[in-house]
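Novice: Sequence first, then the predicted structure, then my questions.
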Amino acid sequence: MSLIIHRNGDRPSRMAPAEYFTGTVLMTPIVQAPEPASLRALSVTFAPGARTNWHTHPLGQTLHVTSGQGLIALRDGAPEVIRAGDTVYIPPEVEHWHGAGPETAMTHIAMQEEPEAETTWLDPVSDADYAKS
């Protein structure tokens, strides 16, 4: 077996699917490990006010904020501020959302294991839930 090297710029960024995100969100692949590994990682950049829908991951998710300031919330909870350098772990099957702050962009690396089941996408985050304090 040999190394797999993905060169900078080899894998283009793409707009995140509008059915699962609110606002302008760019996704850049980092890795989708070959089997038997199941690690998947993306760099995700959210414009101010942009966010994911509510969603869950079968084996949990880790976010590492690389720039800016954003928000993350669990269902029925108030959003918490996350900043560059912060790392957040969301346990398996916990409903959550994450995205930029209302006036600040935010980029994070999203990492999760996705062996067979992938992200379960739920309803959009309402403006009321986004602004909840």
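Specialist: The structure has been received and is ready for your questions.
Novice: pLDDT score assigned to Arg40?
Specialist: Per-residue pLDDT puts Arg40 at 89.
Novice: so how far is whatever helix or strand it lives in off the chain centroid?
Specialist: Per DSSP states H and E, Arg40 falls inside strand 39-46. Distance of strand 39-46 from the chain centroid (CA atoms, centre = their mean, to the nearest Å) equals 6 Å.
Novice: cool, stretch 108-115 as well?
Specialist: Distance, stretch centre to chain centre, for stretch 108-115: 8 Å (CA atoms, centre = their mean).
Novice: swap in stretch 20-36?
Specialist: 8 Å.
Novice: repeat for stretch 68-75
Specialist: 10 Å.
Novice: Looks like Ile90 contacts Gln61 (just checking).
Specialist: Yes - contact status for Ile90 versus Gln61: in contact at 4.7 Å, counting by CB atoms under 8 Å. (Each C-beta comes from the backbone N, C-alpha and C, glycine too.)
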